[in-house]
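>>> with the input below, show me the fold.
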Amino acid sequence: MKKKQRPPVYYSEYLQLDKILNAQAPESLKEGIKADDEMMFIIIHQTYELWFKQIIHELGIIREIFKQEDIPNNSPDIYNTVHRLRRISSILQIAVEQMTVMETMTPLDFLEFRDLLRPASGFQSIQFKIIEATLGLTYDKRHGQNYYISQLNEKDIARVKDAEEQVSLLVLVNNWLERMPFLNNGNWDFLDQYRKIYDDSLLEAEQGNLTTFDTLFMDDDNYPEERSMSAAANRSTLFIMLYRDYPMLHLPFELINCLLDIDEKLSMWRHRHIHMVQRTIGKRVGTGGSTGAHYLKAAADSHIIFKEFAELSSFLIPKNMIPKLPEDISAKLGYQ
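Now for the predicted structure:
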C-alpha cells in the first residue's frame, strides 16, 4: 500500500512561532514608559508556564498508569513512570536555574514597571497549583488557605478545585505500595527481628525513634490518621529501601527516589524564588497582595508533598546489618 502523501511541515508553522513570538505585550509600552527589563520578565514567566504544561502532561500519563487495578511486573509501566518522573525532575532543575536570568534584573529595573502589574502575580499561576494538587498537596495542607484562590477568577478557581478533587499521584502510589505482596500477607515475619536490630543501632539520644517505629510499622490500630501514607505503604516503602539491590526492586526504588527528587527541586525553586524576591523588593508586599517573601517562606516550609517517604530514612540500618530474606521471597525478587 502506497504511503499517503502529507503536506510539508514548515518549522515556524509547526511551532506556531507567529503566536509565541508575538505574545509579549509589555504594560510599560502601553504607558509610554521605558522599562527595558519587562520583556525579559514576560518571557521568563511564559517559559515557566510552558514547562508547567509539559509537567502536567507527564503527570497525566503517570496517573493513568497508576489508576490500573494491577500493574504487571513484566510490563513497561514502571520504567515508563520512572522515565517521566526523571523528566519532570529535569524540568524543575531548569526552572531553578532559570531564576539566574531573572536575578540579572536589579530592584530599580523592576520598579520601572512593577506597579503596572498589580494585581497580577505569579501566585495566580493556575498550572503550578494544578501541579501541586496533582502531585498530592491537599487543601488542608496548604498554607494561606483563604488567600491562595482569592486572587483568581471564577473559571480558574473551578480549575484548581477540579484538580484537587482528582485522585492525586501520592494517593495512587500509596495504593500501589499497599498491593506489594511481600510484607502484607504475613511473609515478613522477621519484622520483629528487624525492630530489635534497629533498636540496637540507635544512640541514646535516638531512643524516641523506636516509639515512632512501632507507631508507623507495628501498630496498625493506632496508626496516626493525619498521615498521607498508610501503614501498609510504609512497610512496603521501607522494604524497597532496604532490599533495593534485588532486580525486582530496582525500579520501585528509583520511583521513590524520583518523587523525593521532585520534592527537593520544588523546594529549591521556592527558596530560590524567596531569595530573589527578598533581593528585589525587600519587605514590600507582593503585587498580588501577599506578604511577599514571608508568605513564600511559610508556603515553602509546609508544601512538602512526599516528606513521609523522606522520613523513612530515620528507620534504616547499615547494609551489613539488614536481615537476610527468606529463600522464597528472595527467589521472587531475583532474575528467574
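>>> so which bits of stretch 45-65 are buried?
By neighbour count with 16 or more other Cβ atoms under 10 Å, stretch 45-65 contains the buried residues 48, 51-52, 55-56, 58-59, 62-63, 65. All C-beta atoms are positioned from the backbone trio N, CA, C, and that covers glycine.
>>> contacts for it, please.
The contact list for stretch 45-65 (Cβ atoms under 8 Å, 6 or more residues apart in numbering) reads 23-24, 71, 77, 80-81, 84-85, 87-88, 91-92, 94-95, 98, 122, 125, 127-128, 130-131, 134-135, 166-167, 169, 172.
>>> next one: stretch 204-213
195, 198-199, 202, 314-315.
>>> export it as CSV, just CAs?
Only the C-alpha atoms of stretch 204-213 are listed here, as CSV (Å, rounded to 0.1, in the frame of the first residue of the first chain):
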residue,chain,number,x,y,z
GLU,A,204,20.8,7.1,73.4
ALA,A,205,19.5,10.4,72.0
GLU,A,206,17.6,8.5,69.3
GLN,A,207,15.6,6.1,71.5
GLY,A,208,12.4,8.1,70.8
ASN,A,209,12.7,6.8,67.2
LEU,A,210,11.7,3.3,68.4
THR,A,211,8.4,4.6,69.7
THR,A,212,7.8,6.2,66.3
PHE,A,213,8.9,3.0,64.5
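>>> buried set for that stretch?
Residues of stretch 204-213 classed as buried: 209, 213 (neighbour count, 16+ other Cβ under 10 Å).
>>> just the CA trace of stretch 112-127, in CSV.
Output of stretch 112-127 as CSV, limited to C-alpha atoms (Å, rounded to 0.1, in the frame of the first residue of the first chain):
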residue,chain,number,x,y,z
GLU,A,112,10.2,50.7,36.4
PHE,A,113,7.2,48.5,35.7
ARG,A,114,6.3,46.6,38.9
ASP,A,115,3.3,48.8,39.9
LEU,A,116,1.8,48.4,36.4
LEU,A,117,1.3,44.7,37.0
ARG,A,118,-1.0,44.9,40.0
PRO,A,119,-2.8,42.8,41.0
ALA,A,120,-1.3,40.2,38.6
SER,A,121,1.1,37.9,40.4
GLY,A,122,2.9,34.6,39.8
PHE,A,123,0.7,33.4,42.7
GLN,A,124,-2.1,33.3,40.0
SER,A,125,-0.3,30.6,38.1
ILE,A,126,-3.1,28.0,37.7
GLN,A,127,-0.9,25.4,36.2
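>>> state the mean pLDDT of that stretch.
The average pLDDT within stretch 112-127 is 87.
>>> picking up where we left off before, nearest to Glu327 among the buried residues of stretch 45-65?
For those, the residue nearest Glu327 by Cβ to Cβ is Ile65; the value is 31.7 Å.
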